[in-house]
Every structure is written in structure tokens, then in C-alpha cells.
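Asker: Quick one: sequence and predicted model below, then my questions.
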Amino acid sequence: GEDVEQSLFLSVREGDSSVINCTYTDSSSTYLYWYKQEPGAGLQLLTYIFSNMDMKQDQRLTVLLNKKDKHLSLRIADTQTGDSAIYFCAENGAGSYQLTFGKGTKLSVIP
Amino acid sequence: GEEVAQTPKHLVRGEGQKAKLYCAPIKGHSYVFWYQQVLKNEFKFLISFQNENVFDETGMPKERFSAKCLPNSPCSLEIQATKLEDSAVYFCASSSLGTDTQYFGPGTRLTVL
């Protein structure tokens, strides 16, 4: 079945950039998503990218998609302590509306 | 409403008891999805609806789990005879189209003792 992989932990200093990486196996993915989950909270949609795009920028967030390598990344510029959370990569394959999630990357921001 | 609403926020049940969770999708959204998040942050898809019709139930356990989306009522997920391994956070999401962005509710944390 489809699989989405992420590294589990990332630690950065406040003000630096964070890059969270994700790989997926489903070549028919139509959309790829980044969600943020703070402790005890729900999932907040951060951004998404359509599979025929290779980059999307939204304020401090930049998403890069390498469809050939099935690699997705999320860059957070000027990382703040409020960015500390777990970040989930997710995809939905063509013909399948359900989302397949990675296990999440826990981002810790050091003041 | 403008957000997906889920109730209750927390639910505690003794093993063998019934648990019922509710979800109100964003107004105008036709699709509702249920996911289970267990320890270690793993998400498992359970079931989806298109309006009141089951769209995809490939993730639903064959026994004890059932779900409904009836007109003019919140959607519900029911677990008969809960087991310890049912302890998880259950998230509901809705989207306007099946392929569209899914917006998640705050989740219901089910603890089975």
C-alpha cells in the first residue's frame, strides 16, 4: 500500500530556518499536504501543493515537491518558538480520497 | 459552521461499554472522513461519507465499529463493546469535494479503562 515517511525529530534555534522532509510512494498522488499538530490539539492545515507544481510559497512557508523522487519538503523561515509542534505530511492518491499520513516530525525550537 | 465540530472532547469508558462520538462538518461540505490517531502519532483512516452515503469503509474494523451521517444531524461513530486498544484520538474531517482539502476537527480522546 501507499507509504509516507518522515524523520521523527528536528531541533532548530529560534530565527533559523527549519526544513522538514517527507517521502511518499504513491505516484498517483494528486495533492500533498502539511498539517501542524500542537500538544493535545487537532490538526491545522498549513499548506498544500498540487502534484503538477514544484514549489509553493506562503509567507514563511515554502513547499518544494520533487515528483520524480517522490520527495516533499516544508521550509519554515525565521522559525519561532510558536512553531514547536508535530508536522505531518499527507497525501491522497488519485481515486482514493482518504489521506495517508506520515508519522509526524516533532519540531523543537530552542530559544 | 465554519469549523468542524466534534463532541465530546474527552470520553472515558470501561471495557465492554459503548462509545458514541459526534461530528458536525463544515456547512456546505459533502464529504466526511473519520480517522483514528493512536500512540506514536499514527493515523488510520476508518470511513468516509458522501452526504449520508458511505463512500469508503475500507478502514473500518469489521466488528464493533459503525458510523452514520443522517440528514440534518451530526455524523456519528459508534463503538460497541469497547476494548483497551480502541483508546485513541478520533478525528473527523470534512471537505467540499472528495479530492479537496480536508479540514479537521479538534478530535475526541477516547480512553478505555
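Answerer: Done, it's in. Numbers count the residues shown, from 1 in each chain, chains lettered A, B, ... in the order given.

Asker: switch to C-alpha atoms for all contacts and neighbour counts from now on
Answerer: Will do.

Asker: Which strand residues bridge A:Asn66?
Answerer: A:His71 (DSSP bridges).

Asker: got the buried residues for stretch B:48-67?
Answerer: For stretch B:48-67, burial by neighbour count (16 or more other CA atoms under 10 Å in any protein chain shown) applies to B:Ser48, B:Phe49, B:Gln50, B:Asn51, B:Glu52, B:Phe55, B:Asp56, B:Glu57, B:Met60, B:Phe65, B:Ser66, B:Ala67.

Asker: Please list all residues in contact with the nearest residue in space to the last one that is not next to it in sequence.
Answerer: Nearest in space to B:Ala67, with sequence neighbours left out and distances taken as CA to CA, 6 or more residues apart in numbering or on different chains, is B:Leu77 at 4.3 Å. Taking CA atoms under 8 Å, 6 or more residues apart in numbering or on different chains as the definition of contact, the neighbours of B:Leu77 are B:Lys20, B:Leu21, B:Tyr22, B:Phe65, B:Ser66, B:Ala67, B:Lys68.

Asker: nearest to B:Cys92, of those residues?
Answerer: B:Tyr22 (8.6 Å; CA to CA).

Asker: Quick check: that closest one is in a strand.
Answerer: Yes: counting by DSSP: H, G, I helix; E, B strand; the rest coil, B:Tyr22 is found in a strand.

Asker: Look at it and report its pLDDT.
Answerer: Per-residue confidence (pLDDT) for B:Tyr22: 98.

Asker: now it: how far from B:Leu77?
Answerer: 6 Å (CA to CA, to the nearest Å).

Asker: do the same with B:Pro61
Answerer: B:Pro61 sits 12 Å away from B:Leu77, going by CA to CA.

Asker: re the thing from before, rebuild the buried residues of stretch B:48-67 as CSV, extending it with pLDDT, secondary structure and distance to A:Ser27.
Answerer: Output for the buried residues of stretch B:48-67, formatted as CSV (pLDDT from 0 to 100; DSSP: H, G, I helix; E, B strand; the rest coil; distance: CA to CA, whole Å):
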residue, pLDDT, secondary structure, distance to A:Ser27
B:Ser48, 95, strand, 22
B:Phe49, 95, strand, 25
B:Gln50, 94, strand, 25
B:Asn51, 94, coil, 29
B:Glu52, 94, coil, 31
B:Phe55, 92, strand, 23
B:Asp56, 92, strand, 21
B:Glu57, 93, coil, 23
B:Met60, 94, coil, 25
B:Phe65, 97, strand, 32
B:Ser66, 97, strand, 32
B:Ala67, 97, strand, 31
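
Asker: residues making contact with stretch B:23-39?
Answerer: A:98, B:1-7, B:43-51, B:73-76, B:87-98, B:105.

Asker: Among those, which are located in helices?
Answerer: Among those, no member falls in helices (DSSP state H).

Asker: Now, of those residues, which are buried?
Answerer: A:98, B:4-7, B:43-51, B:74-76, B:87-96, B:98, B:105.

Asker: In chain A, which residue sits closest to chain B?
Answerer: As assessed by CA to the nearest CA, chain B sits closest to A:Gly42 within chain A, at 4.1 Å.

Asker: how many neighbours does the closest residue to A:Gly93 other than its chain neighbours have?
Answerer: Nearest residue to A:Gly93, sequence neighbours excluded (CA to CA, 6+ apart): A:Ser29, at 3.9 Å. By the criterion of other CA atoms under 10 Å in any protein chain shown, A:Ser29 has 22 neighbours.
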